[in-house]
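# Provided below for reference: sequence and predicted model.
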Amino acid sequence: MLFKRLGLAALFSLSIVGCTTAPNTLAVNTTQKIIQYERNKSDLDVKSFTLTSGDKLVYAENNNLTAEPLLLIHGFGGNKDNFTRIADELEDYHLIIPDLLGFGESSKPMSADYRSQAQATRLHELLQAKGLASNIHIGGNSMGGAISVAYAAQYPKDVKSLWLVDSAGFWSAGVPKSLEGATLENNPLLINSKEDFYKMYDFVMYKPPYLPKSVKAVFAQERINNKELDAKILEQIVTDSVEERAQIIANYHIPTLVVWGDKDQVIKPETVNVIKDIIPQAQVIMMEDIGHVPMIEAATKTADDYKGFRATLKGQ
């Protein structure tokens, strides 16, 4: 949902939109052009898959089909395009980047189970259908990190490595001061208005990329439209601990890279200590002056760190 680099054509289109903050048709169309420009730059095609439940999963995939597959999982309130920028830096891998059920262009059933285990099972069904379920590398941000852990714990022999970016699910670390006392009525991650979205944008990132208000308004309206389901999903995931399941990752010695922004206000940076205690083989990188979504705030550095981690796995 967030982009730093806008193409010249997109910037020209935005100049026509001007400073309006209403998500009118022109703003919506322009935003879609920007998103498509970024996808094209990262060689990403959008596809869909129907689960056995009848629900639809939409996902982005690059064309490096002979490379090792890397599944990238977005966080709460996000979608596949959270990884569009960094996908350009990860072109050496076969990228599969889904919209999780309940988010983006995927189905949004109100009655579904949105906890990490259920989401992991759906992703496994997608990968099985694509013939990619074995020897998979997985990366996830925030809620996507918890789902990555759940996936690796359920299918430990199939997972070659884990990349946990400001991961949720390790709740024994406690709640950051910025979210103490937060409820479903006042949580800054739930969006009821455009102003809520503007505040959330700055809350989750220490170095938020510039976005015109016309574009932010489009993203804000998407979150407002989904606010009832968002609240239900958030209520499920904040009590969904993956700490016990993470022990399986340690037992199977699955190589793990943990990346955290030291200015994260959503999930405490001290969580890395909890993860390291549970998964002793985990490598930890703390990113200075970065918030909750390093792959957006510092795409090149985040990608370089990951590629360095992957280089250490060669021959294993």
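That came through fine. Residues are numbered from 1 along each chain as shown.

# all helices of the stretch 151-300 of the chain, in order?
Remark: helices assigned in the stretch 151-300 of the chain by DSSP state H, counting those that start in this stretch are 194-204, 213-225, 227-237, 243-251, 271-278, 294-297, 299-311.

# ranking these by burial, who's on top?
Using mean count of other C-beta atoms under 10 Å, the stretch among those with the greatest mean number of neighbours is helix 294-297 (a mean of 26). The C-beta positions use only the backbone N, C-alpha and C, and glycine is treated the same way.

# And the average pLDDT for it is what?
What helix 294-297 shows for mean pLDDT is 97.

# if we can go back for a sec, return the member of the helices of the stretch 151-300 of the chain having the minimum mean pLDDT.
Lowest mean pLDDT within the helices of the stretch 151-300 of the chain: helix 213-225, a mean of 92.

# can you give me the offset of it from its chain's centre?
18 Å (C-alpha atoms, centre = their mean, to the nearest Å).

# That helix packs against which elements?
If contacts are counted by 3 or more C-beta pairs under 8 Å, 6 or more residues apart in numbering; DSSP states H and E, helix 213-225 sits against helix 8-17, helix 25-41, helix 194-204.

# Following element in sequence after the longest one, please.
Next helix or strand after helix 25-41 toward the C-terminus (DSSP states H and E): strand 44-50.

# what angle sits between that next one and helix 25-41?
Put simply, strand 44-50 runs at 100 degrees to helix 25-41, going by axes from the mean of the first three to the mean of the last three C-alpha atoms, to 10 degrees.

# List the buried residues for strand 44-50?
For strand 44-50, burial by neighbour count (16 or more other C-beta atoms under 10 Å) applies to L44, V46, F49.

# export those residues to TSV and tack on pLDDT?
Shown next, in TSV, are these (pLDDT from 0 to 100):
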residue	pLDDT
L44	97
V46	97
F49	98
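
# quick revisit: kindly reformat the helices and strands packed on helix 213-225 as a markdown table containing distance to L101.
Below are these laid out as a markdown table (distance: least, C-beta to C-beta, whole Å):
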| stretch | distance to L101 |
| --- | --- |
| helix 8-17 | 30 |
| helix 25-41 | 20 |
| helix 194-204 | 22 |
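
# Ok, which of these comes nearest R115?
Evaluated with C-beta to C-beta, the helices and strands packed on helix 213-225 place helix 194-204 nearest to R115, the distance being 21.5 Å.

# residues making contact with that closest one?
Contact with helix 194-204 is made by 2, 21, 77, 178, 188-191, 208, 211, 213, 216-217, 219-221, 223-224, 265-266, 291-293, as judged by C-beta atoms under 8 Å, 6 or more residues apart in numbering.

# ok, now stretch 133-142?
Residues from elsewhere that reach stretch 133-142, judged by C-beta under 8 Å, 6+ apart: 68-76, 78, 82, 93, 124, 127, 146-148, 151-152, 155, 158-168, 266-267, 292-295, 306, 310.

# Tell me where the stretch 1-150 of the chain has helices.
Along the stretch 1-150 of the chain, the segments classed as helices by DSSP H, counting those that start in this stretch run 8-17, 25-41, 84-87, 116-130, 143-154.
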